[in-house]
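**Student:** quick one, structure for this:
(2 chains)
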Number of protein chains: 2
Amino acid sequence: MEKKYIIAVDLGGTKIGCALADLEGNILNENTIPTNAHEGEQEVLKRVFLAIEKILEEGKKNTEEIKAVGIGSPGPLDSDKGIILDPPNLPLKNIEIVKHIEDKFKIKTYLENDANAATIGEYLFGSGKGTKNMVYITVSTGIGAGAIIDGKIYRGTTCNALELGHATILPDGPRCNCGNFGCLEVLSSGTAIAREANKALAQGIESSLSNYEKVTSQEVFKEASLGDKLALDIIDKALTYLGIGAANAITTFDPEKVVIGGGVAMVGDILFDKVKQVVKDRCFKVLNESCEVVPASLKTKSGIVGAAAVAIMESI
Amino acid sequence: MEKKYIIAVDLGGTKIGCALADLEGNILNENTIPTNAHEGEQEVLKRVFLAIEKILEEGKKNTEEIKAVGIGSPGPLDSDKGIILDPPNLPLKNIEIVKHIEDKFKIKTYLENDANAATIGEYLFGSGKGTKNMVYITVSTGIGAGAIIDGKIYRGTTCNALELGHATILPDGPRCNCGNFGCLEVLSSGTAIAREANKALAQGIESSLSNYEKVTSQEVFKEASLGDKLALDIIDKALTYLGIGAANAITTFDPEKVVIGGGVAMVGDILFDKVKQVVKDRCFKVLNESCEVVPASLKTKSGIVGAAAVAIMESI
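**Tutor:** Down below sits the predicted model:
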């Protein structure tokens, strides 16, 4: 029987997304179930199986029609060996998830960390289509990244390359959870934007942000768009540092595109205008002119299409 | 006739180094002639030919015994097309140097920028031997870098990747010749170290460095080793930023090794101890533990062995 379909698994700390996709990355069916992480390793694994069984049933496919399973999962993990090591938000520890799925369903399975999966998704089916070298940066509560080099995902020696969220941008900046000071994530993530706002409000700085009970980055962007000075200052600083992160990625990789996604990037022009300005100010002219900074196109589908893309990239 | 030899050309602003090497990168004969850059394009090209003719004669080889010519040249250049574009220290502009040499000597010729050539040299015959992914950083009057990814030099889209000397390390730092502020080169190069010393002396800060007529980075390292406070402070700052540059390279590439060469790196332990400490403080534990920071081993031969390595890597 011709293997014309892919199963995508987007494994998260709270939800497991699962989809049936064709070989062009189109999602045909999709479902989401809770991860139930608190119930432990075996339960999470059982729920991954369940999600796959459900999607086969709903999509009326049998396992022989499936070319491959692609899994996007929080790291750290070992892609080559198919093992999830010990992600902070999942109770899994050294789980051979690829082997478990292959044993149960007899379908070739591939594992990739979620940032790399989204990178492959944008490369095959999104804003990075047609490039040879591209960098993807996702800005949400944290900051992750991935790179396509010569048409292949670059993982590095221990599968921890492209941790651009933890590259130092401001040597004496605030301390990050990772232990480092002034890394990109602690300066430009949604969490960082909210933290700066709440800190300023606690110091009694006047701002329309004081009308909110607890300020998130969305509110800071909203009030900035309405002209609130504090909000504007915070956004400007965070996006300047993000621009430096992008400029450093361009200076390092000389890519055709830097694709920026994640929840924070959904604000659109205010973010991209600033990032492009900083890139122009800080990069060699030839690098600035040959590299486009563009929004991701998969948006909220980056996790599930990314997982599908992992399977498609590896199996075709 | 068996092609068992390589000709290496290390093209610089003041000197042209030329060598005959075997396929294991051993230098058999070597000569150096002035570039005579002030006499213009045709003269420089003539002198490259002359250097090659001389080395063939001295080494008693004819062109049929030569497998390939490797050229290391200041950038910017286009390796694929074999063209030197317009390096600041050379009067060459859009010179098809590869074609000129191939036409004259009928030997396959390869061109690489000098930082990449030194990277390939360290990878094939120096401290990077046996790795799959490595980053090379050279610290002298300026700061250059190169990366081996999956056993191949990584050039990027416009042959300008790995300009780590111009990645931003301190957003509000001093202005660099490249136009950017606070990039690695303006903070940690030999030039930067000397500049900081001369600036402090001009401000009347007391230091044993005031005994020198014009302070270079070598003197700053020397006086630091003798305990001079100003010299120690300047070195500590410059090496901290260099450590951040190395840490960011590790966080980005997850390499097996970071190899540091160039004139400034010859100071040895004082540099490597500090860089390793900063890397330990700022990188993920797994990255720090899996990546070694080591001195380059080709030292003053990095230019000429690098050029030989370019030819060997590309032709074998």
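
**Student:** and the one residue sitting closest to the centre of chain A, how far from residue A:165?
**Tutor:** Closest residue to the average C-alpha location of chain A: residue A:115 at 3.9 Å, with CA atoms, centre = their mean. Distance of residue A:115 to residue A:165, computed by CB to CB, to the nearest Å: 9 Å. Yep, even glycine has a C-beta here, placed from its N, CA and C like the rest.

**Student:** sorry, back to before: just checking, the residue nearest to the centre of chain A touches residue A:146?
**Tutor:** Yes: the criterion here is CB atoms under 8 Å, and residue A:115 meets it with residue A:146 at 4.9 Å.

**Student:** give me the common contacts of these two.
**Tutor:** Among the neighbours of residue A:115, those also in contact with residue A:146 (CB atoms under 8 Å, 6 or more residues apart in numbering or on different chains) are A:136, A:162.

**Student:** tell me where the stretch 201-316 of chain A has helices.
**Tutor:** A:217-225, A:229-253, A:269-282, A:285-290, A:302-315 (DSSP state H, counting those that start in this stretch).

**Student:** tell me the most buried of those helices?
**Tutor:** helix A:302-315 (a mean of 27; mean count of other CB atoms under 10 Å in any protein chain shown).

**Student:** gap between that helix and the chain center?
**Tutor:** Chain-centre distance of helix A:302-315: 13 Å, with CA atoms, centre = their mean, to the nearest Å.

**Student:** tell me the contacts of residue A:59?
**Tutor:** Shown in contact with residue A:59 (CB under 8 Å, 6+ apart): A:5, A:20, A:28, A:29.

**Student:** name the helix or strand for the closest residue to residue A:15 other than its chain neighbours, please.
**Tutor:** Of all residues beyond its chain neighbours, the one nearest residue A:15 is residue A:32 (5.2 Å), with distances taken as CB to CB, 6 or more residues apart in numbering or on different chains. Taking DSSP states H and E as the definition, residue A:32 sits inside strand A:27-34.

**Student:** kindly report the same for residue A:112.
**Tutor:** Assigned by DSSP H and E, residue A:112 belongs to strand A:109-113.

**Student:** what does the stretch 101-250 of chain A put close to chain B?
**Tutor:** By the rule CB under 8 Å from any CB of the partner chain, the part of the stretch 101-250 of chain A lying against chain B is A:132-133, A:149, A:154-164, A:166-171, A:178-181, A:183, A:240-241, A:244, A:247-249.

**Student:** okay, and which of these map to helices?
**Tutor:** Using DSSP state H, A:240, A:241, A:244, A:247, A:248, A:249 are the members of these that sit in helices.

**Student:** tell me the pLDDT at residue A:89?
**Tutor:** Each residue has a pLDDT score; the one for residue A:89 is 79.

**Student:** need the contact list for it.
**Tutor:** With CB under 8 Å, 6+ apart, residue A:89 has these contacts: A:12, A:13, A:37, A:74.

**Student:** ok, those residues vs residue A:207, which is closest?
**Tutor:** The shortest gap between residue A:207 and any of the contacts of residue A:89 belongs to residue A:13, at 32.3 Å (CB to CB).

**Student:** the closest one contacts residue A:36, doesn't it?
**Tutor:** No: judged on CB under 8 Å, residue A:13 makes no contact with residue A:36 at a distance of 10.6 Å.

**Student:** re earlier: which members of the residues of the stretch 101-250 of chain A next to chain B are classed as buried?
**Tutor:** A:133, A:149, A:154-164, A:166-171, A:178, A:180-181, A:183, A:240-241, A:244, A:247-249 (16 or more other CB atoms under 10 Å in any protein chain shown).

**Student:** any idea how far the residue of the stretch 51-200 of chain A found nearest chain B is from residue B:150?
**Tutor:** Proximity of the stretch 51-200 of chain A to chain B (CB to the nearest CB) peaks at residue A:156, 2.5 Å away. Distance of residue A:156 to residue B:150, given as CB to CB: 10 Å.

**Student:** now do the shared contacts for the two.
**Tutor:** Common neighbours of residue A:156 and residue B:150 (CB under 8 Å, 6+ apart) are residue B:133.

**Student:** so what pLDDT did the closest residue to residue A:190 other than its chain neighbours get?
**Tutor:** Distance criterion CB to CB, 6+ apart; nearest residue to residue A:190, sequence neighbours excluded, is residue A:217 at 3.8 Å. Note for residue A:217: predicted pLDDT of 97.

**Student:** show me what contacts residue A:217?
**Tutor:** Counted by CB under 8 Å, 6+ apart, residue A:217 has contacts A:190, A:191, A:193, A:194, A:264.

**Student:** now with 7 Å?
**Tutor:** Taking CB atoms under 7 Å, 6 or more residues apart in numbering or on different chains, we find residue A:217 in contact with A:190, A:193, A:194, A:264.

**Student:** for it, give its distance to chain B.
**Tutor:** 21 Å (CB to the nearest CB, to the nearest Å).

**Student:** isn't residue A:164 up against residue A:137?
**Tutor:** Yes: applying CB atoms under 7 Å as the test, residue A:164 and residue A:137 come out as touching, 6.3 Å apart.

**Student:** between the two, which contacts overlap?
**Tutor:** Counting by CB under 7 Å, 6+ apart, the common neighbours of residue A:164 and residue A:137 are A:143, A:145, A:245.

**Student:** show me which of the contacts of residue A:217 is closest to residue A:275.
**Tutor:** Nearest member of the contacts of residue A:217 to residue A:275, counting by CB to CB, is residue A:264, at 11.4 Å.

**Student:** what about that closest one, neighbour count?
**Tutor:** 25 (other CB atoms under 10 Å in any protein chain shown).

**Student:** wait, what's in contact with it?
**Tutor:** Taking CB under 7 Å, 6+ apart as the test, what residue A:264 contacts is A:139, A:140, A:190, A:217.

**Student:** tell me the pLDDT of residue A:76.
**Tutor:** 88.

**Student:** how near is it to residue A:186?
**Tutor:** Applying CB to CB to residue A:76 and residue A:186 gives a distance of 20 Å.

**Student:** which one of those two is surrounded by more residues?
**Tutor:** Neighbours were counted for residue A:76 and for residue A:186 using other CB under 10 Å; residue A:186 has more, 26 against 17.

**Student:** and stretch A:163-178, what's its mean pLDDT?
**Tutor:** Mean predicted lDDT for stretch A:163-178 stands at 96.

**Student:** first-to-last residue distance for that stretch?
**Tutor:** For stretch A:163-178, the first-to-last residue distance is 11 Å (CA to CA, to the nearest Å).

**Student:** now what about that stretch, what contacts it?
**Tutor:** A:137, A:142-145, A:180-187, A:241, A:244-245, A:248-249, B:170-171, B:244, B:247-248, B:251-252, B:282, B:284.

**Student:** go again using 6 Å as the cut-off
**Tutor:** A:142-145, A:180-187, A:241, A:244, B:244, B:248, B:251, B:282 (CB atoms under 6 Å, 6 or more residues apart in numbering or on different chains).

**Student:** rewinding a little: make JSON lines from the helices of the stretch 201-316 of chain A and add distance to residue A:203 to it.
**Tutor:** Output for these, formatted as JSON lines (distance: least, CB to CB, whole Å):
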{"stretch": "helix A:217-225", "distance to residue A:203": "16"}
{"stretch": "helix A:229-253", "distance to residue A:203": "10"}
{"stretch": "helix A:269-282", "distance to residue A:203": "25"}
{"stretch": "helix A:285-290", "distance to residue A:203": "38"}
{"stretch": "helix A:302-315", "distance to residue A:203": "36"}
